[in-house]
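A.B. asks: Return atomic coordinates for the entry below.
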Amino acid sequence: MIEIPVEGRSRETKIRRDARGRWYDDDVPITHEALCRAFDGWIERADDGRYCLKNEINWAYVTIEGPPVLARALVVLDLDAPSVRLVLSGDREESLDLATLREGPDGDLYCDVRGGTLPCRLTAPAMMALSEHLHDDGSGTVLWLGATRVRPPRVSDPLVPFRAAVVERAPA
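C.D. replies: From the prediction side, this is the model:
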């Protein structure tokens, strides 16, 4: 069989998502909600480290401004364990890895998701769901979940993968 190259085909696109989570094709807003949700769920890193949209059929490079994943909501399931469930962009859900929690220079909280491969920003609704558990003890932000205290460090670049939040369990 002879392989014939297809002219003009590229994995480069003009598709981009802004820091607020809105999708565009060049400068034209993409407004189809199901397509935007699908795009949110397809964000991955290509082998070269760039962001791409990848599904079962194909993949293509995209530009992502800000965090590639947004925690649109969260639910504190258990204070004793503790267990926090994140509702992510792209209709995905997963547990919050407390050790990856960090505070960006903007005061927003970030974590790593999808097995530590992508950074995620907690949106205002997710932060509100945590508000009764967040405190400032004079040394910075502390997340109190039952007997567990998490001190997310302030970092200059919250989009860099991270695993060093101080997670302490108070004595019983």
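
A.B. asks: What distance do you get for L96 to A126?
C.D. replies: L96 sits 10 Å away from A126, going by C-beta to C-beta, to the nearest Å. In this view, the C-beta of every residue, glycine as well, is placed from N, C-alpha and C.

A.B. asks: of those two, who's got more company?
C.D. replies: Taking L96 and A126 together and counting by other C-beta atoms under 10 Å, L96 has the greater number of neighbours (28 against 23).

A.B. asks: Isn't that one up against L74?
C.D. replies: Yes. At 6.9 Å, L96 and L74 qualify as touching, with contact defined as C-beta atoms under 8 Å.

A.B. asks: overlap in contacts of L96 and A126?
C.D. replies: In terms of C-beta atoms under 8 Å, 6 or more residues apart in numbering, L96 and A126 are both contacted by the residues L74, L86.

A.B. asks: Parallel or antiparallel, list what pairs with the lowest-mean-pLDDT helix or strand in the chain.
C.D. replies: Across the helices and strands of the chain, mean pLDDT, DSSP states H and E gives its lowest value to strand 166-169, namely a mean of 74. Strand 166-169 pairs in its sheet with strand 148-151 (antiparallel), by DSSP bridges.

A.B. asks: and the partner strand, how far from the chain's centre?
C.D. replies: 20 Å (C-alpha atoms, centre = their mean, to the nearest Å).

A.B. asks: any idea of the mean pLDDT in the helix ranked longest in the chain?
C.D. replies: When the chain is parsed with DSSP state H, its longest helix is helix 33-42. Across helix 33-42, the average pLDDT comes to 96.

A.B. asks: buried sites along that helix?
C.D. replies: Buried residues in helix 33-42, counting neighbours by 16 or more other C-beta atoms under 10 Å, are found at C36, F39, D40, G41, W42.

A.B. asks: Let me see the contact set for T13.
C.D. replies: Neighbours of T13 in contact, by C-beta under 8 Å, 6+ apart: D25, A60, Y61, V62.

A.B. asks: neighbours of the third one, just the number please.
C.D. replies: The burial metric for Y61, expressed as a neighbour count using other C-beta under 10 Å, is 16.

A.B. asks: Tell me the bridge partners for it.
C.D. replies: C52.

A.B. asks: So it sits against C52, correct?
C.D. replies: Yes. Counting by C-beta under 8 Å, Y61 does reach C52; the two are 5.1 Å apart.

A.B. asks: tell me, what's touching the two both at once?
C.D. replies: Here Y61 and C52 have R11, A46 as joint contacts, going by C-beta under 8 Å, 6+ apart.
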